[in-house]
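Undergrad: need a 3D model of the following:
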Amino acid sequence: MFKHRVFRKQQLTFMILNFIAFTIIFTVFSVIIYSQVQTTLFSQTDKELLNFKEMQLNDPFMEEKRPMRDEEMDQGPPIEERPKNNLNPRIIVLDWTKEGELVNQNELGSLFYENYLQDYELNLTNLNQFTNIVINDQYHFRYLLFENDTEDNEEVAYTQLIINTDAEQTILNNFGKLMVICSSIFITLSISASYLLSKKMMKPIIRSWNKQAEFVENASHELRTPLTIIQNKLELLLTEPEEKIINKFENIALSLSETRRLSKLTSDLLTLARADSTETELTKQTIQFDSFVKSVCAPYIEIAESQEKHFWLNLNSKVTFEADDVRLHQLFVIFLDNALKYTGEHDSIGVKTYMEDQKVVFEVTDTGIGINEKNMNSIFERFYREDKARSRETGGVGLGLSIAQWIVTKHGGTISVFKNQHKGTTFKVRLPK
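TA: Here you go, the predicted structure:
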C-alpha cells in the first residue's frame, strides 16, 4: 500500500512538471508568433510613415505632394497624368504648434475634425516613435510624431503623420483569438500527454524499485541461511566445552564451509553494488590472450582430472589486446566453476579461443546437465537459479553469471549461451580487440 501511494505521488509530480513545461512552451510559442505577425502587419505601415517623414523634411515642395482630400481628388489631373510618387492616401498630416494647437485644421475637413480630432490632444511622450492610438474607443490609428525645422516654418513646431490601421488591427485581433483558442486546445491536450509521459517515466522507476526489493529480499535470505548454520554449530560447541576438536570436526568443518560461502556471497554483492553505482573502473593492460587462458585453466585441468572429467583446450587466437586481467580472470573462474559443478564423471569441459569479425572470441563448453532452453534468458538475472535445491548443494546463489555479464559489458563485449547438440551448455563471449 505504501509503495503504491509513493508511486502515485511521484507520477502526479511528473505529470504536473510535464504540464507546466508544455504550458510554458505553448505560451512562449504563441507570444513569439503573435509578435512576429504584429511586426509584419505594421512593417509596411511604418515604412510608409517613415518615407513620408523623410520627404517632408527633405522636399521643400512637399506641400504640393501631400495626400489629397476627397474634395480635391475631383479637381486634380486625370489618373494617368498624376505623379507616380504620390504617397498612401490613408496618411493624414497634422501640423502642431509648440503650444499643442492644430494648425492645418481647415485642410482636414470639418467633418473629419469634428468626428475624430476635436478632443484629441498632442502628446510629446512618444516623439520620433511609432505609436498606436484608439480614437473614439473604436478606430485604430498609428502615428509618427516628429519635430519640424522652425526656421522654415515658425508656426509649425511638430508634424504628426497618422494612418488608419483598422484593417491591420482586425487581422491582429482575429489572429490573437485564434492563438488563444489553439493554445487552450494544446494545453488541454497536454494534460493527456503529461499523464501518458508521467506513466511512461514511472515504468523504469517501478522496475528498479521491484528489482531492488527483490535483490534485498534474496540477499537477506542468502545471508540468513549460512549465519543460522554457523550460529547453531557454534552454540552446539559451547554446550560441550570440554569435548575434543576431533569429535566435533564435522561441526567445525561445516561452519568454515558456510563462512567461506558467506564471504564469497558478500564479495559478489559488493561487486554488483559497485557495478550499479559505476564505482568500479577497469584497469586495462596488454594481454596475450591464449597464454592468459592457458594459465587460468591450468589448475582447473588438475581438478577435472581428480574428478575423472576430461578438460580440453583449443587455443587459436594468438593476439594481444587491452583488458583488465583481474576481471577477465574472474570471468573465466565463474564459467569454469559452473562447468565443474554441473558436470559428472566422464563428462568433458573445454575452452576454445578464436578470432571472429576482428573480435576475440572464447567459448566454455561442457557436457553436463545443461540449461533448459526456456530459462536461458533468465540465467543472467541476479539470484536466479534454475534448480534452487541443487544450487544449495553446490553452493551457488545465482550471482556468478550476473557478474560475468557485467564484466563482459564493461569490456564492450557480448555474451550468449546456447545448448549443445547432444547435451550440456556453451557460453560464448566476444570481446573487442
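Undergrad: and E258, what helix or strand is that in?
TA: Assessed by DSSP states H and E, E258 sits inside helix 249-276.
Undergrad: which positions within that helix qualify as buried?
TA: Residues of helix 249-276 classed as buried by neighbour count (16 or more other CB atoms under 10 Å): 251, 255, 258, 261-262, 265, 268-269, 271-272, 275. Quick note: C-beta positions are derived from backbone N, CA and C, even for glycine.
Undergrad: that helix - what's its average pLDDT?
TA: The average pLDDT for helix 249-276 rounds to 80.
Undergrad: from the buried residues of helix 249-276, which is closest to T228?
TA: E258 (9.0 Å; CB to CB).
Undergrad: wait, the closest one sits on I230?
TA: Yes. The criterion here is CB atoms under 8 Å, and E258 meets it with I230 at 5.2 Å.
Undergrad: which stretches of the stretch 301-433 of the chain have low pLDDT?
TA: Scanning the stretch 301-433 of the chain for pLDDT under 70 picks out the ranges 385-397.
Undergrad: the strands in it, which residues?
TA: Ranges of strands in the stretch 301-433 of the chain, per DSSP state E, counting those that start in this stretch, are 310-315, 320-323, 348-356, 359-366, 414-419, 425-432.
Undergrad: kindly compare burial across those strands and name the winner.
TA: For the strands of the stretch 301-433 of the chain, the largest average neighbour count (mean count of other CB atoms under 10 Å) is found in strand 359-366, namely a mean of 21.
Undergrad: got the domain ranges for the protein?
TA: Segmentation of the chain into domains, based on automatic domain parsing, reads 2-175, 285-432.
Undergrad: farthest pair in the buried residues of helix 249-276?
TA: N251 and A275 (36.3 Å).
Undergrad: now K233: which helix or strand?
TA: Assigned by DSSP H and E, K233 belongs to helix 166-239.
Undergrad: how far off centre is that helix?
TA: The chain centre lies 14 Å from the centre of helix 166-239; the measure is CA atoms, centre = their mean, to the nearest Å.
Undergrad: what stretches of the stretch 1-150 of the chain score poorly on pLDDT?
TA: In the stretch 1-150 of the chain (pLDDT under 70), the answer is 1-3, 59-88, 150.
Undergrad: and the strands in it?
TA: Residue ranges of the strands in the stretch 1-150 of the chain, as given by DSSP E, counting those that start in this stretch, are 91-96, 130-135, 139-147.
Undergrad: the second one: partners in the sheet, and parallel or antiparallel?
TA: Strand pairing for strand 130-135, using DSSP bridges, gives strand 139-147 (antiparallel).
Undergrad: next helix or strand past the strand it pairs with?
TA: By DSSP H and E, the next helix or strand past strand 139-147 is strand 158-164.
Undergrad: measure how that following strand sits relative to strand 139-147, angle-wise.
TA: Interaxial angle of strand 158-164 relative to strand 139-147 (axes from the mean of the first three to the mean of the last three CA atoms, to 10 degrees): 160 degrees.
Undergrad: what does strand 158-164 contact?
TA: 45, 48-49, 52-53, 56, 88, 90-98, 122, 124, 127, 139-148 (CB atoms under 8 Å, 6 or more residues apart in numbering).
Undergrad: if we can go back for a sec, and the helix holding E258, what does it pack onto?
TA: Packing partners of helix 249-276 (3 or more CB pairs under 8 Å, 6 or more residues apart in numbering; DSSP states H and E): helix 166-239, helix 400-410.
Undergrad: mean confidence score for the longest one?
TA: In this case it means helix 166-239. Helix 166-239 comes out at a mean pLDDT of 83.
Undergrad: quick one: contacts for the nearest residue to M376 once chain neighbours are set aside?
TA: Using CB to CB, 6 or more residues apart in numbering and skipping residues adjacent in sequence, the residue nearest M376 is V417, 5.5 Å away. Neighbouring residues of V417 by CB under 8 Å, 6+ apart: 371, 376, 379, 425-428.
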